[in-house]
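K.L.:
need a structure here:
(chains A and B)
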Amino acid sequence: MLKAVDGVSFGIRKGETFGLVGESGSGKSTVGRCLLRLYDYTEGEVLYDGQPLSALDDKALRPFRRRIQSIFQDPYSSLNPGMNVLELIGEPMDIHGVHAGSARKEAVADLLVKVGLKTAHLTRYPHEFSGGQRQRLSIARALSVRPEFVVCDEPISALDVSVQAQVVNMLEDLQAEFGLTYLFIAHDLSMVRHISDRIGVMYAGRLVEVADSDELYENPLHPYTQALLSAIPVPDPRAASKRIAWDRAAWTGEGAPLREVGPGHFAAIP
Amino acid sequence: MGIVGESGSGKSVTAKAALGLIGPPGRVIGGDIRYRGERLLGWSDSRWRKLRGNRIAMVFQDPMTALNPVKKIGAQMIEVIRRHRGLGKEAARQEAAAKLREVGIAEPERRLEQYPHEFSGGMRQRVMIAMALSCEPELLLADEPTTALDVTIQAQILDLLKDIKAKSNMGVVLITHDLGVVAQVCTRVIVMYGGMVMEEGTVEDIFYRPGHPYTQGLLKSVPKRGGGTRERLVPIEGTPPDLLDPPLGCPFIERCPHAFGKCAERPPLFELGDGHRALCWLHDAEHAAAEGESSGNKPNADGAAIDDERAGGAGIAENGAGENAGRDSDG
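P.N.:
Below you'll find the predicted structure:
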């Protein structure tokens, strides 16, 4: 049997932002989707607030589907083009019975303002918005049911550089206001460092290192993490780049379990 | 040289125009493209074809769509080499293998017999570069050559481009939206926005002495290296202009913190130093003089602020020093 992800064990603390980085195919999105129970995994367990999620049926899972929300990379394909803004953001509210009746429209309008859009946008359709604005709509939709935990899967990768900072700042503001916990999945390593309290590095379906953001960037221990971080092109022409190569064939620690090598610093090294 | 800009800023269109690749309904309605002093506009298709490939070659973002999926890599390379260099079949095959080796592909003879799907993304991009090099061009245009690649593979491809450039006399134009890539690879940079060149200069001019508010904003909006993790980003507010209905004046006017009356007119490129130019009225001598007289209490008394910044060598790299540009102007 081929295991897409294996040996991925980590905890996310309430109110923190946990960054998950890795190259394409490393399994970071798979982990995010397992957390959302978008995939039914065959082994392993996700505990949310102490409750195992894997065994729950649809009905029992429903409250968790409200508490755990998600934002995806592509703001074009993740919004139904046939729905206007009020319907898009109101739909999750209807499903989870949040804000019934007349309070709903008001709540949607409030959310729009919170994500930097205008009440006048309520009757507009997705095609009338730019990529950055659509991502704001996706965020408003995710927040519409007052979640506690949001899985952000590459939420800024499709946006222009000058707009990325707007969305990242907004995510931070909303986190402070609503006490949200984020899982932030991304391949842009400099932005992940900026937004995350702790970071996990995935490689070939395994979690190879977990540490506080600054600790990870300043003192990476797994050779793959070292190679990955050294490959980031630094936006400073005078920065000396010392590239560390990663040679999987020469790595003898393959399959080593994650162990604590320093306070709060875990690495899969022998 | 690097061309940096956001999506829709016109970087790719500029490169395509330089290769005569603007197809109907688009057309180049003005301006001038010169190659070694010769005007290229108005050339016939057959003349363009001789230039393309032979003297100017291009590498695109997505190698999978640029390669024919049902033809072996060898056949595709040999076809190109024979057409452009008039070599015989066997000589062309040897040349193809040599070029593959040059771009770091092991066992080139065996690889020539494989199809594109048997190559990884990074390897495909190496094939594209090998193909571009096989015609020994004088100029290589690379349009987002690493955007589709993982960061470790990107680093390898950028190293390869730097290597090739160092070894040959070839000019390289790298089109990208990634400021990190520009800083690491380029010596000269053009910054584009809303279909126009906003600033050009050496890589040091652009990163340490940015003269255009857009360039300054762009540098401030990316996380600083080594800065505290929770330091707040400084975004450029607003969204890029709609190019179907472009602003008449400066394309950055709606998002610019320093915009003033004159910006409704299209600015020229002002000379800031040797080869360093910016498309911004703040550098107009008249504006600077007027600001001096009005004792600088306007929110955009900034010809001066920008000069300070240039003198101080501020920029993103100097941890936050670049931030002063925006704040000074408010005080």
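
K.L.:
please enumerate the strands of the chain.
P.N.:
All of this refers to chain A. A:17-21, A:47-48, A:51-52, A:68-71, A:149-153, A:181-186, A:198-203, A:206-212, A:259-262, A:265-267 (DSSP state E).

K.L.:
nope, chain B please
P.N.:
Using DSSP E, strands in chain B cover B:2-4, B:34-35, B:38-39, B:56-59, B:139-143, B:171-176, B:188-193, B:196-202, B:270-273, B:276-278.

K.L.:
any idea which of these is most buried?
P.N.:
strand B:2-4 (a mean of 26; mean count of other CB atoms under 10 Å in any protein chain shown). Bear in mind the C-beta positions are built from the backbone N, C-alpha and C, glycine included.

K.L.:
contacts for that one next, please.
P.N.:
B:11, B:14-15, B:173-179, B:181-182, B:185-186, B:188-192, B:203 (CB atoms under 8 Å, 6 or more residues apart in numbering or on different chains).

K.L.:
stretch B:111-118 too?
P.N.:
B:63-64, B:67-74, B:77, B:93, B:96-97, B:100, B:105, B:119, B:124, B:127.

K.L.:
from these, keep the buried residues only.
P.N.:
If you count burial by 16 or more other CB atoms under 10 Å in any protein chain shown, the buried members of the contacts of stretch B:111-118 come out as B:63, B:67, B:72-74, B:77, B:93, B:96-97, B:100, B:105, B:119, B:124, B:127.

K.L.:
quick one, what contacts residue A:135?
P.N.:
Contacts of residue A:135 (CB under 8 Å, 6+ apart): A:71, A:75, A:155, A:156, A:158, A:159, A:167.

K.L.:
just name the closest of these to residue A:266, please.
P.N.:
residue A:155 (25.4 Å; CB to CB).

K.L.:
pLDDT wise, what is that closest one at?
P.N.:
pLDDT for residue A:155: 90.

K.L.:
beta partners for the closest residue to it other than its chain neighbours?
P.N.:
Using CB to CB, 6 or more residues apart in numbering or on different chains and skipping residues adjacent in sequence, the residue nearest residue A:155 is residue A:71, 4.8 Å away. Going by DSSP bridges, residue A:71 is paired in beta bridges with residue A:152.

K.L.:
count residues in the vicinity of residue A:268, would you?
P.N.:
24 (other CB atoms under 10 Å in any protein chain shown).

K.L.:
wait, it touches residue A:251, no?
P.N.:
No. Using CB atoms under 8 Å, residue A:268 is not in contact with residue A:251; the gap is 10.5 Å.

K.L.:
so who does residue B:5 touch?
P.N.:
B:11, B:177, B:191, B:192, B:193.

K.L.:
nope, residue B:81 is what I meant
P.N.:
B:87, B:92, B:95, B:96, B:134, B:135 are the contacts of residue B:81 under CB under 8 Å, 6+ apart.

K.L.:
max-length helix in the chain?
P.N.:
This is for chain A. helix A:161-178 (DSSP state H).

K.L.:
if you could check chain B rather than the one you did, that'd help
P.N.:
helix B:151-167.

K.L.:
can that one be found next to chain A?
P.N.:
Yes. Judged by CB under 8 Å from any CB of the partner chain, helix B:151-167 and chain A are in contact via B:151, B:152, B:154, B:155, B:158, B:159.

K.L.:
where's the residue nearest to the fourth one when sequence neighbours are not counted relative to residue A:242, distance?
P.N.:
Taking CB to CB, 6+ apart as the measure, residue B:155 lies nearest to residue A:231, with 3.9 Å between them; neighbours along the chain are not counted. In this structure, residue A:231 and residue A:242 are 11 Å apart, going by CB to CB, to the nearest Å.

K.L.:
when these two are compared, which one has more neighbours?
P.N.:
Remark: of residue A:231 and residue A:242, residue A:231 carries more neighbours, 23 against 6, as counted by other CB under 10 Å.

K.L.:
residue ranges of the helices in the chain, please?
P.N.:
In the absence of a named chain, this looks at chain A. Under DSSP H, chain A gives helices at A:28-35, A:58-67, A:85-96, A:102-114, A:131-143, A:161-178, A:189-195, A:213-218, A:223-230.

K.L.:
think we crossed wires, I meant chain B
P.N.:
B:11-18, B:45-51, B:63-66, B:73-85, B:89-102, B:108-112, B:121-133, B:151-167, B:179-185, B:203-208, B:213-220, B:285-293, B:302-312, B:324-330.

K.L.:
want to throw the buried ones among the contacts of stretch B:111-118 into a markdown table with distance to chain A and pLDDT?
P.N.:
Listed next are the buried ones among the contacts of stretch B:111-118 as a markdown table, based on distance: CB to the nearest CB, whole Å; pLDDT from 0 to 100:
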| residue | distance to chain A | pLDDT |
| --- | --- | --- |
| B:63 | 15 | 73 |
| B:67 | 19 | 88 |
| B:72 | 26 | 94 |
| B:73 | 22 | 94 |
| B:74 | 27 | 94 |
| B:77 | 27 | 93 |
| B:93 | 30 | 95 |
| B:96 | 27 | 94 |
| B:97 | 24 | 95 |
| B:100 | 21 | 93 |
| B:105 | 17 | 89 |
| B:119 | 15 | 89 |
| B:124 | 14 | 90 |
| B:127 | 19 | 92 |
